[in-house]
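> quick check, what structure comes out for this input:
(chains A and B)
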Number of protein chains: 2
Amino acid sequence: MSRVACIGAGTVGRAWAVVFARAGYDVALNDAIAGEVERTAIPGARRTLELLAENGLLSEDVETVVARIRPAGSIAEAVTDVVFVQESVREDVAVKREVFSEIAAHAPADTILASSTSAIPGSDFLTHFAHPERALVVHPVNPPSLIPLVELCGTGTTSPETIAAARQLMTEAGMRPIVLKKEIDGFILNRLQFTLVAEALHLVGEGYCTPEDIDAVLTYGLALRWASIGPFEVAHLNAPDGLQGFVNRLGPMMRQLGAAARTDYDWTEEQIASAHAQLAERIPLDTIADRQAWRDQQILALRQLKQQALG
Amino acid sequence: MSRVACIGAGTVGRAWAVVFARAGYDVALNDAIAGEVERTAIPGARRTLELLAENGLLSEDVETVVARIRPAGSIAEAVTDVVFVQESVREDVAVKREVFSEIAAHAPADTILASSTSAIPGSDFLTHFAHPERALVVHPVNPPSLIPLVELCGTGTTSPETIAAARQLMTEAGMRPIVLKKEIDGFILNRLQFTLVAEALHLVGEGYCTPEDIDAVLTYGLALRWASIGPFEVAHLNAPDGLQGFVNRLGPMMRQLGAAARTDYDWTEEQIASAHAQLAERIPLDTIADRQAWRDQQILALRQLKQQALG
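Reported below is the predicted structural model:
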């Protein structure tokens, strides 16, 4: 089977190792901290695979899959003879530039080089080495082992063939790729997420409702639709004449609420402290780990549901 | 059992009749069009109840529940001797004022009077009759028979007792109420929804991605979390030190993406026509009814999943 390399074995990197290993790839996993892969990353990957297996989302047994992940002592060792490299190191442009120099120097010339960055434009650190047309951003949602969406974004130098091949590889690995046509801060998912969060902070900050109310609006309202149909399809299905009919009737309201949103709302430290206190009463800090496990179970149950619906 | 009245028997009004009937209330259902209740509203309510029953979300048999819904020939007849009135007539302030004059004249003085309005502030049409302290907005998500969130909003004249009683009645009827502390255009759900939609129209309009990409970002990304935990809890669980720790680290990014959002984006008719054409290729207009039925099945399956998780 083909081999891939994951560079950086933190939360994101080890989740990527799970994604590739369950898709059948041999995975070379490297981290700057010696021993980190053996000590925490592979055990963490095993726990994630156990969780997937318990939820009916793994077609092989856990040990077969985890055995495909092996530690690599250096970047050079990791990227030798691989078809794909996924970098998930610290969000620091100097560090990423150095890591990609090393990757590009040792990987085959036609290996696809991908970065998990969420905060730095790929064009800042993916063009200074030989064959930059093979490099792009493949931005996951954390953790990619549970959430399939990935955002592909070229640098301007990236070749169409690289983007097409990365898209196909991600699809075959069970992910759901979208391709951005040009770079933008935050890509698509975080822009949508933090645009909504910004308006939520405005509504809470100005005393219209509480953080708990906002969360209920999503979990008992909007997300019941968005879990199966996105916002464009919601509108398309809300009228016998589709999106056009929806906008014909409700366009003025859409423009009005868009213009009324205050996503540049200057929230204060006191407002954050108050929201934190309300959340910590609902979910005390010492229960966060339990609640994270519950969240992951919920996500997996929903993925099962979606698989059944599509299958 | 107590009696309630639903005034207006369109899509929203008949869904409300289902909500109250399945909670055990006798429901008087009235519509301005003579015969509409018998001809389309009660058959429609029966179909919704059948759907709920098929998905394990109805504890009694369909005919027992549907028998609680009876046509009322006039508003006066409908509201006699009821504890709660839910109005869902046309979104026209003059019509609503007239309907509420009639309701208030015939309902007992301590009956709670609620409006489903989504577009008009309650203070524009809920204060001109006797005992306006008993009136408020109870804004559902369409259809309330499938989606439990409701937004309660007083007019400034509404008494705290009215809001508390409406909240309790909604909770007992299986809904998930939030209470707005003051009026705002669009309430909370539509503000959050159309803030996100506005930024989505900006991203599509400026050529970063397609409507289908936006929908995938929700259905394969954001909504996998939001279906079980809202955006404040997402942040709270993303750091061992909760929301405060999340904002300490990512506050600058949150402010930056909020400020960069262009929710006042002046989308064009051509952009809507293009988005419509892409959607209509994915979901042709003559398949919308089938896809609506699929959407409703997905919503119900997710509600079942959430009930199991909570129970």
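> residues contacting the residue of the stretch 1-150 of chain A found nearest chain B?
The nearest approach of the stretch 1-150 of chain A to chain B comes at residue A:149, 3.5 Å away (Cβ to the nearest Cβ). Heads up, the C-betas are built off the backbone N, CA and C, glycines and all. Applying Cβ atoms under 8 Å, 6 or more residues apart in numbering or on different chains, we find residue A:149 in contact with A:140-141, A:175-178, A:189, B:216-217, B:220-221.
> make it 6 Å
Residues counted as contacts of residue A:149 (Cβ atoms under 6 Å, 6 or more residues apart in numbering or on different chains) are A:141, A:176, B:220-221.
> point out where the stretch 1-150 of chain A drops to low pLDDT.
The model of the stretch 1-150 of chain A has pLDDT under 70 over residues A:1.
> the residue of the stretch 1-150 of chain A closest to chain B - nearest residue in space that isn't next to it in sequence?
In space, and not counting its chain neighbours, residue A:149 is closest to residue B:221: 3.5 Å by Cβ to Cβ, 6 or more residues apart in numbering or on different chains.
> surely the one you found meets residue A:188?
No. Assessed by Cβ atoms under 6 Å, residue B:221 is found out of contact with residue A:188, at 8.8 Å.
> ramachandran coordinates for the closest residue to residue A:184 other than its chain neighbours?
Excluding its sequence neighbours, the residue lying closest to residue A:184 (Cβ to Cβ, 6+ apart) is residue B:208, at 5.4 Å. The phi/psi pair for residue B:208 (degrees, to the nearest 10) reads phi -80, psi -30.
> can you confirm residue A:179 is in a strand?
Yes. Under DSSP: H, G, I helix; E, B strand; the rest coil, residue A:179 sits within a strand.
> so what's the backbone phi/psi at the residue of the stretch 1-150 of chain A closest to chain B?
According to degrees, to the nearest 10, residue A:149 has phi -60, psi 130.
> now residue A:139
Here is the backbone geometry of residue A:139 (degrees, to the nearest 10): phi -90, psi 120.
> equivalent analysis for residue A:165, please.
Per degrees, to the nearest 10, the backbone of residue A:165 is at phi -70, psi -40.
> residue contacts, the nearest residue to it once chain neighbours are set aside?
Excluding the flanking residues, the one nearest residue A:165 by Cβ to Cβ, 6+ apart is residue A:112, at 6.0 Å. By Cβ under 6 Å, 6+ apart, residue A:112 lies in contact with A:84, A:134, A:162, A:165-166.
> go on, residue A:246?
A:235, A:238-239.
> my guess is it is in a helix, correct?
Yes. The assignment for residue A:246 is a helix, going by three-state DSSP.
> tell me the residues on the stretch 1-150 of chain A that lie near chain B, please.
For the stretch 1-150 of chain A, the residues in contact with chain B (Cβ under 6 Å from any Cβ of the partner chain) are A:141, A:147-149.
> okay, among these, which ones form the most distant pair?
Greatest spatial distance in these: A:141 and A:148, 8.2 Å, computed using Cβ to Cβ.
> tell me how many other residues crowd the residue nearest to residue A:184.
A total of 19 residues lie near residue B:208 under the criterion other Cβ atoms under 10 Å in any protein chain shown.
> show me the contacts for it.
A:180-181, A:184.
> helices along the stretch 201-311 of chain A, start to end?
Remark: helices assigned in the stretch 201-311 of chain A by DSSP state H, counting those that start in this stretch are A:211-217, A:223-226, A:231-236, A:242-260, A:269-282, A:288-310.
> what ranges do the strands span in the stretch 101-250 of chain A?
For the stretch 101-250 of chain A, the strands defined by DSSP state E, counting those that start in this stretch cover A:112-115, A:135-140, A:149-153, A:176-180.
> buried ones in the shortest one, by neighbour count?
It refers to strand A:112-115. Using 16 or more other Cβ atoms under 10 Å in any protein chain shown as the test for burial, strand A:112-115 gives A:112-115.
> hang on, the earlier thing: pLDDT score assigned to the residue nearest to residue A:149?
On the pLDDT scale, residue B:221 is placed at 98.
> contact partners for it?
A:141, A:149, A:189.
> check residue A:197 too.
By Cβ under 6 Å, 6+ apart, residue A:197 lies in contact with residue B:231.
> does residue A:28 sit in a helix, a strand or a coil?
Quick answer, by three-state DSSP: residue A:28 is strand.
> what count of nearby residues applies to it?
26.
> do the same with residue A:182
For residue A:182, the neighbour count with other Cβ under 10 Å is 11.
> and it, how far from residue B:282?
To residue B:282, residue A:182 is 23 Å away according to Cβ to Cβ, to the nearest Å.
> ok so, going back, JSON lines for the contacts of residue A:112, including neighbour count and distance to residue A:21?
Shown next, in JSON lines, are the contacts of residue A:112 (neighbours: other Cβ atoms under 10 Å in any protein chain shown; distance: Cβ to Cβ, whole Å):
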{"residue": "A:84", "neighbour count": "23", "distance to residue A:21": "13"}
{"residue": "A:134", "neighbour count": "25", "distance to residue A:21": "23"}
{"residue": "A:162", "neighbour count": "23", "distance to residue A:21": "23"}
{"residue": "A:165", "neighbour count": "17", "distance to residue A:21": "20"}
{"residue": "A:166", "neighbour count": "26", "distance to residue A:21": "18"}
